[in-house]
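Trainee: What follows is a predicted protein model with its sequence.
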Amino acid sequence: MNILILEDDKGRQDKFMQNTVGHVRLIVDTAKDCIESLEEAVALRNPVDVLFLDHDLGNHIMQESGPGTGYEVAVWLEEHPRYQPKHIVIHSFNPDGAMRMNAALPKAVRWPGAWDKDIYAIIEYLEQHTHKEAGI
């Protein structure tokens, strides 16, 4: 499974790496790099299967939605649906930012703190349920 993770916190990045062993994964820490990675994956005919999106980036906490946030990626994906992965997980703890991202990507699942969860269980859940609010 090809997994792309947008997360700027080093500790959370490490947890994602530990919890996604056995999958092809890439972690990026900016909205720009995330968009470029999605474009490159499609160009190489190796699209992303699961995208984990954080909202607050650049060491900001409870950041307003706008350029440089995960919201930028969500809006870009809304405008460029051919790049949308099969599954999108919004893992941000910023409730307002996550809500805005979910409004742009209604099929995305909100799963705050996903980096600290059993990624295999999350992926299994995603494969069995579409367009649902998660909360494990």
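Mentor: Sure thing, it's come through.
Trainee: Check what pLDDT Glu118 gets.
Mentor: I think there's a mix-up here, since residue 118 is Asp and not Glu. pLDDT recorded at Asp118 is 86.
Trainee: how about the helices of this protein, start to end?
Mentor: Remark: helices assigned in the chain by DSSP state H are 10-19, 31-43, 70-79, 95-104, 119-128.
Trainee: on contacts alone, who are the packing partners of the longest one?
Mentor: It stands for helix 31-43. Applying 3 or more Cβ pairs under 8 Å, 6 or more residues apart in numbering; DSSP states H and E, one finds that helix 31-43 makes contact with strand 2-6, strand 24-28, strand 50-53, helix 70-79. C-beta: built from backbone N, CA, C; applies to glycine.
Trainee: which of these is buried the deepest?
Mentor: strand 50-53 (a mean of 27; mean count of other Cβ atoms under 10 Å).
Trainee: Sheet-wise, list the partners of it with their directions.
Mentor: Strand 50-53 pairs in its sheet with strand 2-6 (parallel), strand 87-90 (parallel), by DSSP bridges.
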